[in-house]
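Engineer: build the 3D model from these lines:
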Amino acid sequence: MSIRKYQEKTASPHPHIGAMVRKVMINKAVSQAELARRLQISSSSLAQYFQNSSLQFGILWNLGIALEHDFLTELSNYYPGNISFSEKSKLVIELKEKTEKIYDLEKEIKIYKLALGIRD
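Structural biologist: Okay, here's the model as predicted:
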């Protein structure tokens, strides 16, 4: 089987999209069967997506909606550092980073409250 041009190794390889989708699915505690139902595809078709290093935009779009996850913004984090983003993109990336930081801090607070026996 020959490697397609977009799958060849480059100086800035793209991330493995199937692995990225699988990771999000696991982090959101969505089963493969549930995600397949949301997409109205077979579980075996979904399993094939996880194997693919690249997915068509429409498929990635549908996966993002089904998982309520912004894969497009996540993918922008993989671009090489020398690529300049528009101001709007920079603000979106900053907001995402700050949102993740808040989420992490809220988890930490819950741990401390549990350790100290504080109830909400």
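
Engineer: outline the domain layout of the chain.
Structural biologist: With domains defined by automatic domain parsing, the chain comprises 13-70, 84-120.

Engineer: so what does the lengthiest helix in the chain touch, helix or strand wise?
Structural biologist: In the chain, ranked by residue count with DSSP state H as the criterion, the top helix is helix 87-116. For helix 87-116, the contact count by 3 or more C-beta pairs under 8 Å, 6 or more residues apart in numbering; DSSP states H and E identifies helix 71-76 as packing neighbours. Heads up, the C-betas are built off the backbone N, CA and C, glycines and all.

Engineer: now for the helix it packs on, which elements pack on it?
Structural biologist: Contacts defined by 3+ C-beta pairs under 8 Å, 6+ apart place helix 71-76 against helix 17-27, helix 57-67, helix 87-116.

Engineer: may I see the buried residues of it?
Structural biologist: Along helix 71-76, these residues count as buried under the neighbour rule (16 or more other C-beta atoms under 10 Å): 71, 76.

Engineer: what mean pLDDT does it get?
Structural biologist: The pLDDT scores in helix 71-76 average 84.

Engineer: next: stretch 37-44.
Structural biologist: Rounded mean pLDDT across stretch 37-44 is 95.

Engineer: what's the pLDDT at Asn82?
Structural biologist: As predicted, Asn82 sits at a pLDDT of 68.
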